[in-house]
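Chemist: I would like the atomic coordinates for the input below:
(chains A and B)
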Amino acid sequence: MSSEMTRLFSMFGVGVCLVLIVGFYCVLTTRNLIRVLIGMEVLTKAVTLLIIASGYAAGQIALAQAMAITLIIIEVVVIVVAICIILCVYRHNKSIDTALLKQIKG
Amino acid sequence: MTTDFVLLMAMVLAVMVTVMTARLLWSAIGLALASAVLAALMFRLNSPVAAVFELSVCAGLIPAIFISAIGLTSRLNPEALAKRWRHKLLKYGAMPVIVILVVWALWQLQVPLTFVAPPPAVEQDVRNVLWNQRHIDLLGQMSILAAGAFGVVVLIKGAKRE
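Modeler: Numbers count the residues shown, from 1 in each chain, chains lettered A, B, ... in the order given. All right, here's what the predicted structure looks like:
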């Protein structure tokens, strides 16, 4: 890999790390279930960018695109099912506060 | 390289706005913006097919789903949130220290950023990769979509019964 490519990949690596830190911070500090999901979405964005940057740097961009498309599809399904679960929790508790999830039984 | 850097910083900023803003609606809009910038980065990195997916699905469909969910739910109690803020600061005050320690450990490990050279006949057409080489992935995607649809139907039916 050329030095230019290494520099480019390092730059994307730092960007991905920053986005990952922001995403983890969002997931860990909030009590709102929708915001937790938004944090997970941010983490997925970082992973998508890492896959594409790795494929570009390794010269396997077609494979990286195939992986990214698979990831996007999985992401959508996870988000839709999670939103349904959140709406069920809201109907049951009248709140989307994660503190109330401690009361779940069974 | 400069354009990539500007786009990358724009993405980090959009993500930070998404996380830091108080209103969930602005968070959803920030997420759409981050997805749009990510799609632009993908175009720059010679990935037009994945970029179109990112732009249409992640910048269009997912924020719409989030905004619908935000409209169907109510806000958290602001008084209770203010009380918890102090506890949150105490609980996650160690986070910057952990981040610094992780960065230092990675720096000490000196992870090489060089890649193994790609095999001679690398397929450059995403359609060939997706349909001929990674067809098991397609089966997995179809199964996941079917499982997701089934899950949504079960959850909605269960909620209606209650």
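Chemist: Next up, the contacts around A:Ile96.
Modeler: Contact analysis of A:Ile96 by CB atoms under 8 Å, 6 or more residues apart in numbering or on different chains lists A:32-34, A:86, A:89-90, B:73-74, B:76. Using the backbone N, CA and C atoms, a C-beta is placed for each residue, glycine as well.
Chemist: Need the three-state assignment for the residue nearest to B:Ala14 when sequence neighbours are not counted.
Modeler: Leaving aside its chain neighbours, B:Ala14 sits nearest to B:Ala34 (3.9 Å; criterion: CB to CB, 6 or more residues apart in numbering or on different chains). Following DSSP: H, G, I helix; E, B strand; the rest coil, we place B:Ala34 in the helix state.
Chemist: Any figure for the gap between B:Ala34 and B:Leu72?
Modeler: Look at B:Ala34 and B:Leu72: by CB to CB, to the nearest Å, they are 23 Å apart.
Chemist: okay, the two: which has more neighbours?
Modeler: With neighbours defined as other CB atoms under 10 Å in any protein chain shown, B:Ala34 and B:Leu72 compare such that B:Ala34 has more, 26 against 12.
Chemist: Looks like the more buried one contacts A:Lys45 (just checking).
Modeler: Yes: using CB atoms under 8 Å, B:Ala34 is in contact with A:Lys45, at 6.0 Å.
Chemist: between the two, what contacts are shared?
Modeler: Joint contacts of B:Ala34 and A:Lys45 (CB under 8 Å, 6+ apart) are B:11, B:15.
Chemist: Could I get the phi/psi values of B:Leu45?
Modeler: B:Leu45 adopts backbone torsions of phi -90, psi 30, taken as degrees, to the nearest 10.
Chemist: how about the CA coordinates for the helix or strand hosting B:Pro63, as CSV?
Modeler: Using DSSP states H and E, B:Pro63 sits in helix B:62-72. Coordinates of each C-alpha in helix B:62-72 appear next as CSV, following Å, rounded to 0.1, in the frame of the first residue of the first chain:
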residue,chain,number,x,y,z
ILE,B,62,-34.6,5.5,8.7
PRO,B,63,-35.1,9.2,9.8
ALA,B,64,-38.7,9.0,8.6
ILE,B,65,-39.2,5.9,10.8
PHE,B,66,-37.5,7.7,13.7
ILE,B,67,-39.7,10.8,13.2
SER,B,68,-42.8,8.7,13.2
ALA,B,69,-41.7,7.0,16.4
ILE,B,70,-40.9,10.3,18.0
GLY,B,71,-44.4,11.6,17.0
LEU,B,72,-46.1,8.5,18.6
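Chemist: Pull out the buried positions in that helix.
Modeler: Using 16 or more other CB atoms under 10 Å in any protein chain shown as the test for burial, helix B:62-72 gives B:62-63, B:65-66, B:69-70.
Chemist: just stretch B:45-59 next, same as before
Modeler: Within stretch B:45-59, the residues scored as buried using 16+ other CB under 10 Å are B:45-47, B:49-51, B:53-55, B:57-59.
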